[in-house]
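Peer 1: Return atomic coordinates for the entry below.
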Amino acid sequence: MIPYNRNTAILLILFNRPDTIRKVFERIREVKPKKLYLAADGPRNEKEREECDAARAIVSCIDWDCDAIRLYQEQNLGCDAHCYQAISCFFEQEPEGIILEDDCVPSLSFFGFCSTLLERYRNDERIGHIAGSNYQFGKKRGDGTYYFSNLTHVGGWAGWRRIWKNVRCDKNYPLFGRLNYLSSLPSHAPFQTHWNKYFGMANHNPDFCWDFRYAYTNLVNNRLSVIPNHNLISNIGCSDKATHYIKDYPFADIKNEEIDTIIHPSFICPDVEADLYSQTKEYNSSGESLIKQDDVFYLKERLNTVTVNNHIKPKIPRIIHQIYEDMSGPTPLLQGISQSWKELNPDWEYRFWNKKDIDAFLGMYYPDLIPIYQAFPYDVQRWDAVRYLILYKIGGLYVDMDYECTENISPLLCETECAMGMEPRGNAVLRRMPYIVGNAFMATVPRHPYFKELIDAVFHDNKDRGALYPERSILDTTGPYMTTRVYNNSKYKEQVSLIPAELVAPLTRDEVLKVMDDEISEGLANKIEKSFAIHYFLGSWYEQTKK
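Peer 2: Sure, this is the predicted structure:
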């Protein structure tokens, strides 16, 4: 095992998971650092306090000679803000060190690997990060114990104050985006939509997406990361309690390895092939289908056959709702997309809602909710909120204006009283969620209890409407993060049909861009053919968050 320099300080970040923190802390106890920083976020509610206290109790059992510095929060800061603050405090006190989170179990070799390379590259401006994770699944890169990368894997890592002191919002980021640097960077070009999105978020708010801002800082300064050729960190936290839980996350529970010596690579050059390999595993925008395409075809054929042969009509009122508050009306593009619902569903009533219609509706049916409705800081939150009210009162199908109908929708809704369209798995993977229950395609009978839960969540449970990064705030308070959360906790979950994305949103944003550029492969054509509708994810509402 590589000897660990006990003078190398360690920061351990924890929250409310005594089961995982116990395993991480046991490894730290084995190497006995002389200085240990313990950063614990506060509970979000009283129910959570017991678990937070239990986690803190575990790390209080320091039975070796150690200077313990506790950075304990009484109030909950949130995952991103807490991590960023904890790491900043750590590097204010330490010129270099090791950072672990409460679900990242290190091998014993990890500590010696980090302390050795922290010293070796201490003053080398070419190197900006030392990772503990390896995502190559047995593929060895280069001729050393480690290789160099343009990526910055965190979870279990080590770094220097000289890097972290510059991890802040970059006022020049808009220029970086306009110059389109990522399109010419081989390791990032295939995934530039993903990186540009999160780099933009990271450079908008100092408390959010700290890991992407850290990666951005290294990238724009042309610094490389050290990646071990053996996996030294096992992420055991991908359960339904995890902050960034992803079902079947490809890098969960990778077995830890031990190494005895360090052989330094001959060349300090990034391994582009390795970077592309790991990103394809994690960020592949196509994602893996929730169900096989053959099963999609069978399901679609069965729905169509049952409806035709048995003349079944939906229990859901045959009303299609679309909303566009701007009194100038939708753009020609949106008008063209919208027309598909009228043409393919002639037996359904079509209702278009503008601001005048919405104000009259609220005044007639929900006057008590108008102050809350008007208090939302962003127009898109109001557009989100009113769709739940319309469906609860009137029933029918709501679809966003950037949704195209490709077949008559009746068969899809013939056997349900409440249905929610899923977003593509690729979207969920990029947002580090197991799945996303969308709010762009929703159908229900009037007064369905699940929609009452959605209304309560939007109008009565949202106490902090604007403190988060704007995009995240919108998604959390009125958008698909909220609908996913309500579904997960719903008492009426069994009454809600989740429609697979393959049937109502078969294309991810990246695939939509290919279609719009007329780059339609056979695979994309098959996805479109087997769907009832396509969501184009035009995302015009994002512009509201930039004002």
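Peer 1: who does the helix or strand containing Arg162 touch, helix- and strand-wise?
Peer 2: For Arg162, the host element (DSSP states H and E) is helix 161-164. Under the contact criterion of 3 or more C-beta pairs under 8 Å, 6 or more residues apart in numbering; DSSP states H and E, helix 161-164 touches helix 79-93, helix 210-220. All C-beta spots, glycine's among them, are computed from the backbone N, C-alpha and C.
Peer 1: What's the end-to-end length of stretch 366-386?
Peer 2: Chord length of stretch 366-386, first to last residue, is 10 Å (C-alpha to C-alpha, to the nearest Å).
Peer 1: same deal with stretch 502-514?
Peer 2: Its start and end residues considered, stretch 502-514 measures 17 Å (C-alpha to C-alpha).
Peer 1: so where's this protein uncertain?
Peer 2: Residues of the chain meeting the criterion pLDDT under 70: 207, 238-249, 283-314, 462-469, 540-547.
Peer 1: The longest strand along it pairs with which strands?
Peer 2: The longest strand of the chain (DSSP state E) is strand 437-444. Note on strand 437-444: by DSSP bridges, its sheet partners are strand 396-399 (antiparallel), strand 418-422 (antiparallel).
Peer 1: And for the first one, what's in contact with it?
Peer 2: When contacts are defined by C-beta atoms under 8 Å, 6 or more residues apart in numbering, strand 396-399 is touched by residues 316-323, 341, 348-349, 351, 387, 390-391, 405, 409, 413, 440-444, 533.
Peer 1: residue ranges of the helices in the stretch 51-200 of the chain, please?
Peer 2: Using DSSP state H, counting those that start in this stretch, the helices of the stretch 51-200 of the chain run over 79-93, 108-120, 161-164, 173-179, 192-202.
Peer 1: Now tabulate these in JSON lines and tack on distance to Arg223 and mean neighbour count.
Peer 2: Converted to JSON lines, those look like this (distance: least, C-beta to C-beta, whole Å; neighbours: other C-beta atoms under 10 Å):
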{"stretch": "helix 79-93", "distance to Arg223": "16", "mean neighbour count": "19"}
{"stretch": "helix 108-120", "distance to Arg223": "14", "mean neighbour count": "23"}
{"stretch": "helix 161-164", "distance to Arg223": "7", "mean neighbour count": "18"}
{"stretch": "helix 173-179", "distance to Arg223": "15", "mean neighbour count": "13"}
{"stretch": "helix 192-202", "distance to Arg223": "15", "mean neighbour count": "20"}
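Peer 1: Quick one, which of the ones you listed gets closest to Cys209.
Peer 2: Closest to Cys209 of those is helix 192-202 (C-beta to C-beta; 3.8 Å).
Peer 1: How far off centre is that closest one?
Peer 2: Taking C-alpha atoms, centre = their mean, to the nearest Å, the mean C-alpha location of helix 192-202 is offset from the chain mean by 12 Å.
Peer 1: Identify all contacting residues around the helix holding Arg162.
Peer 2: Residues outside helix 161-164 that contact it (C-beta under 8 Å, 6+ apart): 87-88, 91-92, 94-96, 125, 128-129, 214, 217-218, 223.
Peer 1: Swap in 10 Å and give it another go.
Peer 2: Helix 161-164 has contacts (C-beta atoms under 10 Å, 6 or more residues apart in numbering) with 84, 87-88, 90-97, 99, 122-123, 125, 127-129, 152, 210, 214, 217-218, 221, 223.
Peer 1: cool, and stretch 250-258?
Peer 2: Outside stretch 250-258, the residues touching it (C-beta under 10 Å, 6+ apart) are 1-2, 27, 103, 105-110, 112, 132-135, 137, 153, 155, 228-239, 242, 245-246, 278, 280-282, 284, 288, 429.
Peer 1: Work out for me the element Asn427 sits within.
Peer 2: Going by DSSP H and E, Asn427 is part of helix 425-430.
Peer 1: how about that helix as CSV, C-alpha atoms only?
Peer 2: These are the backbone C-alpha positions of helix 425-430, laid out as CSV (Å, rounded to 0.1, in the frame of the first residue of the first chain):
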residue,chain,number,x,y,z
ARG,A,425,-34.2,9.0,-20.1
GLY,A,426,-31.3,11.0,-21.5
ASN,A,427,-32.8,14.1,-19.9
ALA,A,428,-33.0,12.4,-16.6
VAL,A,429,-29.4,11.1,-16.8
LEU,A,430,-28.1,14.6,-17.6
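Peer 1: got the contact list for Arg431?
Peer 2: Residues in contact with Arg431 (C-beta under 10 Å, 6+ apart) are 197-198, 244, 246, 423, 472, 475, 480-481, 484.
Peer 1: Just the buried residues of the helix or strand following the longest strand of the chain, please?
Peer 2: Once strand 437-444 ends, the next helix or strand along the chain (criterion: DSSP H and E) is helix 449-459. Buried residues in helix 449-459, counting neighbours by 16 or more other C-beta atoms under 10 Å, are found at 450-451, 453-455, 457-459.
Peer 1: Stretch 476-490 now?
Peer 2: Using 16+ other C-beta under 10 Å as the test for burial, stretch 476-490 gives 476-484, 486-487, 490.
Peer 1: Need these in JSON lines (columns: distance to Leu118 and secondary structure).
Peer 2: As requested, these are arranged in JSON lines below (distance: C-beta to C-beta, whole Å; DSSP: H, G, I helix; E, B strand; the rest coil):
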{"residue": "Asp476", "distance to Leu118": "37", "secondary structure": "helix"}
{"residue": "Thr477", "distance to Leu118": "42", "secondary structure": "helix"}
{"residue": "Thr478", "distance to Leu118": "45", "secondary structure": "coil"}
{"residue": "Gly479", "distance to Leu118": "42", "secondary structure": "coil"}
{"residue": "Pro480", "distance to Leu118": "41", "secondary structure": "helix"}
{"residue": "Tyr481", "distance to Leu118": "38", "secondary structure": "helix"}
{"residue": "Met482", "distance to Leu118": "42", "secondary structure": "helix"}
{"residue": "Thr483", "distance to Leu118": "45", "secondary structure": "helix"}
{"residue": "Thr484", "distance to Leu118": "40", "secondary structure": "helix"}
{"residue": "Val486", "distance to Leu118": "45", "secondary structure": "helix"}
{"residue": "Tyr487", "distance to Leu118": "45", "secondary structure": "helix"}
{"residue": "Ser490", "distance to Leu118": "48", "secondary structure": "coil"}
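Peer 1: Dump those to TSV, plus distance to Ile254.
Peer 2: Compiled in TSV, these are given as follows (distance: C-beta to C-beta, whole Å):
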residue	distance to Ile254
Asp476	30
Thr477	35
Thr478	37
Gly479	33
Pro480	30
Tyr481	28
Met482	33
Thr483	32
Thr484	27
Val486	33
Tyr487	30
Ser490	34
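Peer 1: Just put the helices of the stretch 51-200 of the chain in JSON lines and tack on distance to Ile372.
Peer 2: What follows is the helices of the stretch 51-200 of the chain, written out as JSON lines (distance: least, C-beta to C-beta, whole Å):
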{"stretch": "helix 79-93", "distance to Ile372": "26"}
{"stretch": "helix 108-120", "distance to Ile372": "50"}
{"stretch": "helix 161-164", "distance to Ile372": "41"}
{"stretch": "helix 173-179", "distance to Ile372": "34"}
{"stretch": "helix 192-202", "distance to Ile372": "27"}
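Peer 1: Of those, which is nearest Val31?
Peer 2: Short answer: helix 108-120, nearest of those by C-beta to C-beta, at 4.8 Å.
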